[in-house]
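K.L.:
Please work out how this folds:
(4 chains, ligands or ions: 6)
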Amino acid sequence: MSENVDLDVMIGGPQGGGIESSGQMALRVFMIKGYDVFGIREYHSDIIGAHSYYNVRVKAQKPRSVRLPVDALLALDAETIFTHYNDLAPESYLIYGTESLNTRIDGIAPMDHDTKERVKEDLKQKGVEPVASEVVKYLASTGVKTVGLPFKDLLKVTAERLKTTVVSVSKTVNTMSITALAAMLGIDLGAVEKSIQLYFAGRKGIVDSNVEAARTTYEYIKDNYGVSKPLPDGPHRNKVRMIATGNDIVAMAKIVGGVTLETYYPITPSQDEAFYMETHRVFDLDEEASRSLGQSKTGTLVLQAEDELAALNMAIGGALAGARVATTTSGPGLSLMNEAISFAVITETPVVISVWMRTGPSTGIATRQGQQDLLHAMFAGHGEALPKIVLASGDHLEAYYDTIKALNWAEKFQVPVIHLLDKYMAASMMSFDMEDVDPYKVPLERGKLVPNPDPKTYKRYELTDDGISPRAPLGTVQYIVSSLEHNEYGVVTEDPVIREKMSLKRLKKMETIEREIPESEKAVLYGDPDSRITIVSWGSTKGPILDAMGSLAKEGLRLRFLQIKTFLPFPTSTVKKIIESSDDVIAVENNAFGQMVMAVRMFTGLNINKRIAKLNSRSLMEQEIYNGVKKALSMKEGLVVVSDGA
Amino acid sequence: MSENVDLDVMIGGPQGGGIESSGQMALRVFMIKGYDVFGIREYHSDIIGAHSYYNVRVKAQKPRSVRLPVDALLALDAETIFTHYNDLAPESYLIYGTESLNTRIDGIAPMDHDTKERVKEDLKQKGVEPVASEVVKYLASTGVKTVGLPFKDLLKVTAERLKTTVVSVSKTVNTMSITALAAMLGIDLGAVEKSIQLYFAGRKGIVDSNVEAARTTYEYIKDNYGVSKPLPDGPHRNKVRMIATGNDIVAMAKIVGGVTLETYYPITPSQDEAFYMETHRVFDLDEEASRSLGQSKTGTLVLQAEDELAALNMAIGGALAGARVATTTSGPGLSLMNEAISFAVITETPVVISVWMRTGPSTGIATRQGQQDLLHAMFAGHGEALPKIVLASGDHLEAYYDTIKALNWAEKFQVPVIHLLDKYMAASMMSFDMEDVDPYKVPLERGKLVPNPDPKTYKRYELTDDGISPRAPLGTVQYIVSSLEHNEYGVVTEDPVIREKMSLKRLKKMETIEREIPESEKAVLYGDPDSRITIVSWGSTKGPILDAMGSLAKEGLRLRFLQIKTFLPFPTSTVKKIIESSDDVIAVENNAFGQMVMAVRMFTGLNINKRIAKLNSRSLMEQEIYNGVKKALSMKEGLVVVSDGA
Amino acid sequence: MARNWMDYKTDAWVQWCPACGNFGILTALQRALAELDLPNEKVSIVSGIGCSSRIPYYIKTSNVHTLHGRPIPVAQGIKLANPDQVVIVASGDGDLLGIGAGHFVAIGRRNIDIKVILHDNAVYGLTKGQAAPTLPLWFKTKALGQPNIQSAVNPLLLAFASGYTFIARAYAYHIDQLKEMIEAAIRHKGTSLIDVLQPCPTYNDIMTKEWYEKRIYYLDKEDPSWNPNIEKPEDVKKIPKIVEKMMEWEPRIPLGVFYRNTMVEPLDVRIEKIMPGYLQNPPARRSIDIGGRALTNPFVAFKDRIVTT
Amino acid sequence: MARNWMDYKTDAWVQWCPACGNFGILTALQRALAELDLPNEKVSIVSGIGCSSRIPYYIKTSNVHTLHGRPIPVAQGIKLANPDQVVIVASGDGDLLGIGAGHFVAIGRRNIDIKVILHDNAVYGLTKGQAAPTLPLWFKTKALGQPNIQSAVNPLLLAFASGYTFIARAYAYHIDQLKEMIEAAIRHKGTSLIDVLQPCPTYNDIMTKEWYEKRIYYLDKEDPSWNPNIEKPEDVKKIPKIVEKMMEWEPRIPLGVFYRNTMVEPLDVRIEKIMPGYLQNPPARRSIDIGGRALTNPFVAFKDRIVTT
Ligand SMILES: Cc1ncc(C[n+]2csc(CCOP(=O)(O)OP(=O)(O)O)c2C)c(N)n1
Ligand SMILES: Cc1ncc(C[n+]2csc(CCOP(=O)(O)OP(=O)(O)O)c2C)c(N)n1
Ligand code: SF4
Ligand code: SF4
Ligand SMILES: [Mg+2]
Ligand SMILES: [Mg+2]
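P.N.:
Ligands and ions are numbered 1, 2, ... in the order given. Okay, the predicted model is just below:
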């Protein structure tokens, strides 16, 4: 029965107004009820005041995306109502504060001028006054169940019960909204309380007032709307599970994967990854490691550099000394790292660069989604900065294992690895189990690292059959590392013969990488392998695509989906085989120029003539793929721009 | 008769030992004799002492490359003999100083260890002792005409005649070598003297001692080797001509093309371009301009920035204020400019970036040739930094006109233009005529620049049909420029609808660029248009290719050569048409991974399965193409690595 | 008709947190511009990236919101091209002293007539509160994952070492005094720094209004004879004292103009010397063509490359 | 068996012009290492790009020739990963004070135990003689296309403003004194600068041997009571004098140790405080696995993300 549950709840309000914690609490409520959850946040690139919203998707098994229309909208302010009134499904819930009813759209200062004008125009068309109360009425008339919460009264009651002031409980309105939703959906108060306790763990005062607010609200709903049919328990009850953002999980993977030095310069949407590592810089070992090392904890050094040039160059220095290193950034930082990437290539230094993509060009929109750095990443660095590895993960769990693989590959092949991630993953949370993040599944490998080289014979850049040389940490034996062309000892040379050999060494190393990374790590096929309709995509579009494929399959449209995971090395043979055996191929990307399509042509010579692109900087949603695929299939060729999301 | 003249003279010696001026003088001697010349310098990335050499090619009409074997080697030291003894044609001249005869190869400190070992091995195979005198003997035995100059004696005579000390004339040994060559080739002393006067213009003392040295040497040769058959006059006598490096000519084009602000950070091989602009920061107007502006001079501000990040960002600031701007750099600088390139894209700021490519990756070999920055340039800048223009010139005269076009295109399309040049052009000199650098051939265009905008209606980023908006200089009207996504007024917005429109504006602008730049500016076909054997290449390989095609044609092998000039926009239809109508296609590039081949596939889907690559960091030579093409034609597919040059 | 500070307001919603120190800086700047009656389009405020760097949207002048760390180079490009433009850099401490420190130093060597207003909140506001280069060692403001293990840099001293010729420190909530300093800086012809202590109520929970107000005092109030001017060679004797004051921080923080050196030539004057005509026909305005026709011919302009055969 | 300076020579041909000041620095450095008897592989000399930056090839230690402007970050990476390594940055004035100035400032905030040797020839040697940030205003050295219109930055003052705890100036041809200063710097635990005045006979035809030797003098010879040490709080009173000496340039240029502050904690000590065990198991050496098996499990290490359902 819980198998049929598929909910999408949206919570909107001013940035800094508790949207983040509302989302977090809502996610936990549903997890506690035994469901898998996926939640994503849309927010402005500022600190306080502008409109932000959280979407929470709930299913029995692994939702991977959110969708419109939603089943419930929790409007913490009037701007939310004006921004999202078109996003509600029939029969859905609108939960709002009665205090916002009098707000006129023109009175909302933070709201973007252009958005405002567009909304006014739309309301005018619909014959609705641009006042919140009128919009609510209009929604009710379309079948939406509107639930007005008298926040003032509820706060007063809460304060009274806690014997405190209204001001001191005023931050609980988001909990009230969540509780109201829970009550309407037939979720027991216990789940809400437990979620509060979990989320605010350790902060007793806050827990108490929120619990009290929840109780007050629950009663209010029961009293005014009656008791709802209870939501069945999901399949994941009584388990120890986790919920984490993409930022968190990459941080976890770096720590598990043995990073001993991470340098970074703060940038959205990467900074929380470094933050999570900082807060866990000293961490517990598992039992076996404790026993074997005779210590219970160890540490990862995380250093905030003065800029991205320093961040990567420091990481390179650390790697030269023998540390397993990584850094994290976004597009602007990647731009600044170009020179050091080329330095890592010529010095054959292992370093992992996590790149959390966002909307460009330039500063663009720092907190919004984009997949615009693919070709830039592939060709980052002057002077033919190859070989390098460019790897893109499709979701949180992939990102976890990919991070560990990236660390291994960096050391095994002695190259920089650019790991492409994005805002979609950074700002989304998903639930998972212990088996999903198995720390032992990908064994840690360090390739040709030689801890005790023989000073007599050691050659750092020895010419070998596979292009990979023995790597001794600086400090273990005397040798030179140089950004200039060098001989086998690392000493600068301008000799044309050696120069040519070193060029060919780099070419050969790329071939080794191509050969040694199995095709199955380069591209993955999902869906019906025999379908002749193929979606080709990369990165975080995976979630919406898989979810939409599920819906389409229900309608009898069975597709297959080829996810390209590595762009360097490129899965040339797989991509060729799949495209050549398809009647229809549709590319999906969050960029305007079709960068993956260009890369596919570059490596296979094959064109993909149907593209779905999302360009409005918002996260891709299930229904956009659902609709986009149908549209693409109806065309001979061309670009389908999908534009959902506010 | 002069039509048959085809000479290649090599002059080698220690860096800082007069190689540069020898080359310069030799070039002028032949120009004065009425020939066209092409000369190129190979040198180490240090200041003094390491081996450097100059190759001078002489023909009646426009040589575009140098070649091996050479017709004469002027060895200013023993290292030159050891480095180049295999490069001499039979019947050629070796002119050397008798003082170097006793030098053993092991006594030459600056010589690269690896080179030394290889030479020793080769001499051993040939049964020659590694002493200069033995090598000279060996050469004589193979038919080389060896001319030993007793520099000490010649200097003494020169000093006596000038009534000065030997030390004060000691720097004339290079003039002596040149003079000896002239005498052997049947060039009159007058040409040598004139060349000295030209090259050292204004420095009377130096002129006098060099002229005297030339006279002494000329007599010595006449006395010891007799009078040679006179070299016929070439077709270009009694003309006012020019000789310039690629660096010079781009500087000239920038000044002629109206650059009013050039910023730069010094880097090899770009720095001499900025230097030339600095020395000509105040320049004479032509008559018409003088009359019309009422002034005889005007100026170009050239500023040395603290780094390349500053250089490009300053240029962007200057452009925003309304100046016509440019900057100049090489690979490492381009890496550092990535972020600002993306800034120029989103702010739609016209700026020309001259990129003088060199050997990479990373610092690589700073003074050597490479064509490794193509894909990096195309995808430089994060967040989909498109539209931009990437343009590659094939030789000096193209570079001249291309620079002016680049300046026009930057302003017309309001985009950054990356102009790819390279060390081959930077360090080579060629002779040309006034018609070759016509300043009026490409009229200066500034596109939608509006000097007097109407403050009431002005929108800097107005949405237009062609994606290009009216551009008013900052300071003429109040508006905002932003690196963030913005609305038509330049004001930041996160509105999804506007964001999408602005993405599409950039896409549309790229289409406008594709449409408005004529196909003939994007790619040029040379040779026999009906041949079914095609060379495809880009940049400075053009010279060696055209010269080699001449030689091949003489043997009846008539080829055609498609030079790709713009990579963004890409000449898709031309490249497709040419490749599809060829039986054999050979790509030529100075990089290992075949970047042009990748770009061709990316835009056309067509593969080029035969490649000639030069990877040893030395300049490409005519015979390498000649041999390489033959080899490539004999293969089914694959890579031919050509490796000439020391 | 003199301008009013309202003439420098835009209708954009100001995206700062309540009580953010940036509001004070915004107001002071608008008032200073009004006082100097500068035409809106003739002023360019150039910012980097950060909370503070949003200021270009709130002042109705010809502004540029650049890249993180790069407002100083962009500002210089504008000023080089058009020396008549009033160019002000307004940016964060992370922007100017962290990622942009190289330019912060380099501009001092030029003494180009640009005013740098440093929004000094000791944190990276926009990226959610990391340590900025002015956050003291061991401070653990609320959003830090670990205590700050890097020491603070002294912006005044750094500017002094770099060659700035006007150096002042202000406090964001003292709008009148700040306005005066901005005016003085604009009147000074040369590279100028105003380090504005700017509380960030959202992330800097240590260096708060209360924290600052317990410490700050004005140099000229405390010592009416305070004179920061270096106008003649002997005045350099004042420098040790000036440096001492620049270094004062605990327990008291001095505010005011620390240093004003009028003996150093600004860049435009230097350029005019090596390129006569620059000031009259600067790069932004000089003709580059006559109806599309270039102004010169290589054989006229570049005689050094001519060879007569 | 103590090491001899010859033990630090490599067999590479030294690619500098005759009489280049870099030779003196090379010799002094080799001698200092010998005097301190440091094992070759335990010393890393990290350089940027420039003539001076070729020094890693000539000293037989574990060196890194990095990028232009980036030796300081790379050096810090090495030191952070392996605090036992002796890490020395040796690079040009263009490299450290031009393109690398941001890092030059940032390292001071860390007081990380790295020695910065600044090869100060006031020109960009390797790129053929352009003005470096230490070339005085209006100097037109022989390879300049126009006179220098940018003023010189004072490296000592900049280091002081940035937080360096050891600051000295030396002269490249005075090998013994330079050697002493290098030893003193290596003994000091914290970020150190030695500004070495280095004649470049090829491009700097103004600041020649003669030019320098007319001007230089040693602080401690001139004033035997000179004591640059800040060891206790009262010693800060010395600072105005120290700064005055740092600013002295015309007509005389002081040499010697200007400043040595032992009261500031170096970075490794700071790190150990927030991450106990760092010094014993630094990033370069701590185990990351046991035979390929990771050391921890997310459900053990990251309890804050657990939800019990
Ligand atoms: C190259 C680059 N790196 C990082 C960022 C992310 N970023 C944006 S603002 C900021 C710091 C802001 O701090 P500050 O300059 O002090 O300004 P404030 O927000 O405190 O006013 C950072 C690191 C960026 N935009 N670009
Ligand atoms: C990013 C980058 N920009 C420019 C260069 C070119 N470059 C090489 S060395 C150098 C300057 C050298 O001057 P300095 O640091 O003073 O060292 P010196 O040669 O004087 O010892 C420059 C600009 C480069 N290698 N990389
Ligand atoms: S985060 Fe701080 S600096 Fe940024 S707007 Fe809020 S209070 Fe101001
Ligand atoms: S150019 Fe100057 S710094 Fe470089 S090696 Fe020659 S003398 Fe030394
Ligand atoms: Mg700040
Ligand atoms: Mg230098």
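K.L.:
And the closest residue in space to residue C:150 that isn't next to it in sequence, its phi and psi?
P.N.:
For residue C:150, ignoring the flanking residues on the chain, the nearest one in space by CB to CB, 6 or more residues apart in numbering or on different chains is residue D:109 at 4.5 Å. C-beta: built from backbone N, CA, C; applies to glycine. Here the main-chain torsion angles of residue D:109 (degrees, to the nearest 10) amount to phi -70, psi -20.
K.L.:
tally of neighbours for residue A:123?
P.N.:
Residue A:123 has 19 neighbouring residues, counting by other CB atoms under 10 Å in any protein chain shown.
K.L.:
The closest residue to residue A:150 other than its chain neighbours: neighbouring residues, count only.
P.N.:
Excluding its sequence neighbours, the residue lying closest to residue A:150 (CB to CB, 6+ apart) is residue A:98, at 4.9 Å. Here the neighbour count serves as a burial measure; for residue A:98 (other CB under 10 Å) it reads 16.
K.L.:
got the contact list for residue A:98?
P.N.:
Shown here is residue A:98, whose contacts under the criterion CB atoms under 8 Å, 6 or more residues apart in numbering or on different chains are A:148, A:149, A:150, A:151.
K.L.:
Give me the nearest residue to the most centrally placed residue in chain A, chain neighbours excluded.
P.N.:
With distances taken as CA atoms, centre = their mean, the residue of chain A nearest its centroid is residue A:425 (0.5 Å). Once flanking residues are discounted, residue A:425 sits nearest to residue A:246: 3.1 Å by CB to CB, 6+ apart.
K.L.:
any idea how far that neighbour lies from ligand 6?
P.N.:
45 Å (CB to the ion, to the nearest Å).
K.L.:
OK, now which residue of the stretch 101-250 of chain C is nearest to ligand 4?
P.N.:
At 20.9 Å from ligand 4, residue C:109 is the closest residue in the stretch 101-250 of chain C, using CB to the nearest ligand atom.
K.L.:
Neighbours of that residue, how many?
P.N.:
When neighbours are counted by other CB under 10 Å, residue C:109 registers 27.
K.L.:
now swap in residue C:252 and tell me
P.N.:
Counted by other CB under 10 Å, the residues lying close to residue C:252 total 11.
K.L.:
Same check on the one 5 residues further on?
P.N.:
For residue C:257, the tally of surrounding residues (other CB under 10 Å) stands at 24.
K.L.:
On the three-state scheme, whichever residue of the stretch 501-646 of chain A sits closest to ligand 1 is what?
P.N.:
Nearest residue of the stretch 501-646 of chain A to ligand 1 (CB to the nearest ligand atom) works out as residue A:617 at 15.8 Å. Classification of residue A:617 into helix, strand or coil gives coil, according to DSSP: H, G, I helix; E, B strand; the rest coil.
K.L.:
That one reaches residue B:496, doesn't it?
P.N.:
Yes. In this structure, residue A:617 is within contact of residue B:496 by CB atoms under 8 Å, at 6.2 Å.
K.L.:
Between these two, point out the one with more neighbours.
P.N.:
The residue with more neighbours, out of residue A:617 and residue B:496 and counting by other CB under 10 Å, is residue A:617; that gives 27 against 23.
K.L.:
If we ignore the residues flanking it in sequence, what's nearest that one?
P.N.:
The shortest distance from residue A:617 to any non-neighbouring residue, by CB to CB, 6+ apart, is to residue A:368 (3.7 Å).
K.L.:
Write out the residues of chain A neighbouring ligand 1.
P.N.:
Applying CB under 6 Å from any ligand atom, one finds that chain A approaches ligand 1 through A:265, A:266, A:267, A:308, A:332, A:333, A:336, A:363.
K.L.:
how far away is the residue sitting furthest away from the middle of chain A from chain D?
P.N.:
With CA atoms, centre = their mean as the measure, chain A has its most outlying C-alpha, relative to the mean C-alpha position, at residue A:456: 48.6 Å. Using CB to the nearest CB, to the nearest Å, residue A:456 is found at 13 Å from chain D.
K.L.:
In terms of helices and strands, where is that residue?
P.N.:
No secondary structure element spans residue A:456, as it lies outside all helices and strands (assigned by DSSP states H and E).
K.L.:
mind checking pLDDT for it?
P.N.:
At residue A:456, the pLDDT value in this model is 95.
K.L.:
same deal with the one 5 residues further on?
P.N.:
The predicted structure scores residue A:461 at 98 on the pLDDT scale.
K.L.:
Quick check: it is in a strand.
P.N.:
No. Under the criterion used here (three-state DSSP), residue A:461 is coil, not part of a strand.
K.L.:
which one of the contacts of residue A:98 has the most neighbours?
P.N.:
Sorting those by how many neighbours each has (other CB under 10 Å) puts residue A:149 first, at 23 neighbours.
K.L.:
Just want to check the distance between that one and residue A:184.
P.N.:
Using CB to CB, to the nearest Å, one gets 11 Å for the distance from residue A:149 to residue A:184.
K.L.:
How about whichever residue of chain A sits closest to ligand 5, nearest residue that isn't a chain neighbour?
P.N.:
Distances from chain A to ligand 5, computed as CB to the ion, single out residue A:266 as the nearest residue at 11.0 Å. Spatially, and ignoring its direct neighbours in sequence, residue A:266 is nearest to residue C:127 (4.2 Å; CB to CB, 6+ apart).
K.L.:
What of residue A:24?
P.N.:
Distance criterion CB to CB, 6+ apart; nearest residue to residue A:24, sequence neighbours excluded, is residue A:199 at 5.3 Å.
K.L.:
Do I have it right that that neighbour meets residue A:25?
P.N.:
Yes. Shown here, residue A:199 and residue A:25 form a contact pair, counting by CB under 8 Å, at 5.3 Å.
K.L.:
tell me the phi and psi of the residue farthest from the centre of chain A?
P.N.:
The main-chain torsion angles of residue A:456 are listed as degrees, to the nearest 10 and equal phi -70, psi -40.
K.L.:
Equivalent analysis for residue C:130, please.
P.N.:
phi -70, psi 170.
K.L.:
ok, what's across the strand from it?
P.N.:
In this structure, residue C:130 has the following beta-bridge partners (DSSP bridges): residue C:124.
K.L.:
Around it, count how many other residues there are.
P.N.:
Neighbour count for residue C:130, taken as other CB under 10 Å: 25.
K.L.:
Now for it: which residues touch it?
P.N.:
Applying CB under 8 Å, 6+ apart, the residues near residue C:130 are A:266, A:271, A:304, C:94, C:123, C:124, C:143, C:144.
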